[in-house]
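>>> using only what follows, build the 3D model:
(one chain, ligands or ions: 1)
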Amino acid sequence: MHKDIATPVRTKAILEKYGFSFKKSLGQNFLIDTNILRRIVEFAGLTKESGAIEIGPGIGALTEQLAKYSKKVVAFEIDQRLLPILEDTLSPYDNVKVIHSDVLKANVAETIKQEFQDTEDLMVVANLPYYVTTPIIMKLLEEQLPIRGMVVMLQKEVGDRISAKPGTKDYGSLSIAVQYYTKAETVMIVPKTVFMPQPNVDSAVIRLTKRDKPLVSVKDEEFFFTVTRASFAQRRKTLQNNLTSQLPNGKEKKNEIIAAIERAGIDPQRRGETLSIEEFAKLSDELFDEFKN
Ligand code: SAM
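Alright, predicted model coming up:
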């Protein structure tokens, strides 16, 4: 058995050996607690038949655990300086492939086709770089990849927004976008002390389990997301005010907008944060007829 990478002593030794300095701008906070990593891997429910996709392997702390508990790991890392380090730290494992790439620019679907041909169960597992958490999650969801779900570490505050229920202060267009595609749960709150260097904010691990089909069915997905974003543009404003100020030509179409809200069975004076996702679906379908041209 090899000594785990994720201990303070081993991590420091690796960083010193390579003279590595953290880049804050790349969200580099490495995990130094093997127990937390094992729990992350457990939450992902991997077996020796599963494939794992990791974003940002760093010096390989999580990658190593994924390599031990899955069939194969493919990891996307943006920082060139980490490649020789990963080559070294992950040399005991023959089931890991590191791809030097910004995951936001990568063709993940194509990579899955090439690397996971005969793998039925695929999970994204990552300690995400906090400066791009939301774009990464949304890219992976919108591309409708053949994955079972994701278990990711992120800022607790973003995790709260993702799993928020209607009527709460954290509920917004991000909650709706993620819950549209997945069942979202916060499975662990993580203290700052398990990172090197320690981040300024608290962290959480969330599990997103992909739904067989989206939570609601709508006439036009893109328009549904436009309506939800518009409805939360100013949280203190009513639905009617946000929609008339945000939708294209909304001011001229004020009467049509109010009529559509009412046809959806919703009081135009309510605030976006009180609407369930089902109500947003009805609302977007009623508005779509007014805006489709
Ligand atoms: N997985 C390691 C761990 O848990 O110790 C490192 C996690 S660290 C929070 C985030 C990692 O993502 C860093 O290695 C960073 O260089 C990498 N990263 C940042 N932006 C990225 C991007 N756009 N695409 C791929 N990797 C990125």
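>>> contacts and neighbour counts: CA atoms only from here.
Fine.
>>> the stretch 1-150 of the chain against the ligand: which residues are in contact?
For the stretch 1-150 of the chain, the residues found near the ligand under the criterion CA under 6 Å from any ligand atom are 26-31, 55-58, 60-62, 76-79, 101-104, 127-129.
>>> now the stretch 151-293 of the chain against the ligand: closest residue?
residue 195 (7.5 Å; CA to the nearest ligand atom).
>>> so what sits opposite that residue in the bridge?
In this entry, residue 195 is beta-bridged to residue 31, by DSSP bridges.
>>> I figured it was touching residue 31, is that so?
Yes: at 4.6 Å, residue 195 counts as touching residue 31 under the criterion of CA atoms under 8 Å.
>>> quick one, which of the two is more surrounded?
Neighbour count, other CA atoms under 10 Å: between residue 195 and residue 31, residue 31 has more, with 26 against 18.
>>> returning to that earlier point: can you say which of the residues of the stretch 1-150 of the chain next to the ligand are buried?
Burial by neighbour count, 16 or more other CA atoms under 10 Å: within these this picks out 27-31, 55-58, 60-62, 76-79, 101, 103-104, 127-129.
>>> quick one: which of the residues you listed sit in helices?
Those of those mapping onto helices are 61, 62, per DSSP state H.
>>> inside strands: which ones of the buried ones among the residues of the stretch 1-150 of the chain next to the ligand?
Within those, residues falling in strands by DSSP state E are 30, 31, 55, 76, 77, 127.
>>> what's the spacing between the third one and residue 247?
When distances are taken as CA to CA, to the nearest Å, residue 55 and residue 247 turn out to be 35 Å apart.
>>> what of residue 74?
Relative to residue 247, and taking CA to CA, residue 74 is found at 41 Å.
>>> more neighbours, the two?
Of the pair residue 74 and residue 247, residue 74 is the one with more neighbours under other CA under 10 Å, namely 24 against 19.
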